[in-house]
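> Please work out how this folds:
(chains A and B)
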Amino acid sequence: QKEVEQNSGPLSVPEGAIASLNCTYSDRVSQSFFWYRQYSGKSPELIMSIYSNGDKEDGRFTAQLNKASQYVSLLIRDSQPSDSATYLCAVAPNDYKLSFGAGTTVTVRA
Amino acid sequence: NAGVTQTPKFQVLKTGQSMTLQCAQDMNHNSMYWYRQDPGMGLRLIYYSASEGTTDKGEVPNGYNVSRLNKREFSLRLESAAPSQTSVYFCASRPGTARPGQPQHFGDGTRLSIL
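Okay, the predicted model is just below:
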């Protein structure tokens, strides 16, 4: 079993819709969770971090964490063409390392 | 404010050649990392340095060596390049254990092709 698994995608949504991305992780002791966005040919950039159960909102992005079920999700509201990218879920099983999922590619249709 | 700087940005090698990828950060971070990214594989950790003076293997260390030259610089060396090492290499840094839970910040990457 991979340490971090994401829904495989690709995910295509119309402009203005909600894009929903899911991620599950295997190491129950993980305490820190991150979502990175990566445009084609670019490096990953941090868009959200979440540490406690529940929801965390930042603009059009909402991260949701459920440690009991070992999943973390990302909602993108009012999706824009500029949101078209690959989204990487990252989980910190300890203070030294991050484990990344393979990523979900999102395409927003104008 | 440069953040994490990687050199070179692109490189083409022949099988068997050696090369060193350079990484430097100006954020006074303690921990530094080297990843490779292949299509459909996500980011895989090659080596990391939790603090100056220490290095540890990650998920895919075979064929690579690293040097933590000082707090700012962390280099990755391919001693005898193989076509399987064709990939995009990312260096990253984070504050370290003094500030637990902090995310990693990435450089722009080095696109390496081995013929």
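
> how about the spatially most central residue of chain B, what does it touch?
For chain B, B:Trp34 is the residue whose C-alpha lies nearest the centre (Cα atoms, centre = their mean; 2.6 Å). B:Trp34 makes contacts with B:21, B:23, B:45-48, B:58, B:64, B:66, B:74, B:76, B:89-92, as judged by Cβ atoms under 8 Å, 6 or more residues apart in numbering or on different chains. No exception for glycine: its C-beta is placed from N, CA and C like everyone else's.

> what about it, helix or strand, and which?
Element membership for B:Trp34, per DSSP states H and E: strand B:31-38.

> Just checking: what are the partner strands of that strand?
Paired with strand B:31-38 in the same sheet, following DSSP bridges, are strand B:42-49 (antiparallel), strand B:87-94 (antiparallel).

> Show me what counts as buried in that strand.
B:31-37 (16 or more other Cβ atoms under 10 Å in any protein chain shown).

> go on, stretch B:61-69?
Result for stretch B:61-69 [16+ other Cβ under 10 Å]: buried residues B:61, B:64, B:66, B:68.

> and of the buried residues of strand B:31-38, the nearest to chain A?
Comparing those against chain A with Cβ to the nearest Cβ picks out B:Ser31 as the nearest, at 6.6 Å.

> Please give me every residue in contact with the closest residue to the closest one other than its chain neighbours.
Distances taken as Cβ to Cβ, 6 or more residues apart in numbering or on different chains put B:Gly96 closest to B:Ser31, at 4.4 Å, once the chain neighbours are dropped. Contacts here follow Cβ under 8 Å, 6+ apart; on that basis B:Gly96 touches A:95, B:29-31, B:50-51, B:102.

> All the strands of the chain, residue numbers only.
Answering for chain A, as no chain was given. Assigned by DSSP state E, chain A shows strands spanning A:4-6, A:11-14, A:19-25, A:32-38, A:45-50, A:54-58, A:61-66, A:71-76, A:85-92, A:99-100, A:104-109.

> ah, no, chain B please
For chain B, the strands defined by DSSP E cover B:4-7, B:10-13, B:19-25, B:31-38, B:42-49, B:56-57, B:64-68, B:74-78, B:87-94, B:105-106, B:110-114.

> Mean pLDDT added to these, as JSON lines?
Shown next, in JSON lines, are the strands of chain B (pLDDT from 0 to 100):
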{"stretch": "strand B:4-7", "mean pLDDT": "96"}
{"stretch": "strand B:10-13", "mean pLDDT": "96"}
{"stretch": "strand B:19-25", "mean pLDDT": "97"}
{"stretch": "strand B:31-38", "mean pLDDT": "95"}
{"stretch": "strand B:42-49", "mean pLDDT": "93"}
{"stretch": "strand B:56-57", "mean pLDDT": "94"}
{"stretch": "strand B:64-68", "mean pLDDT": "97"}
{"stretch": "strand B:74-78", "mean pLDDT": "97"}
{"stretch": "strand B:87-94", "mean pLDDT": "96"}
{"stretch": "strand B:105-106", "mean pLDDT": "94"}
{"stretch": "strand B:110-114", "mean pLDDT": "96"}
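
> Understood, closing this out.
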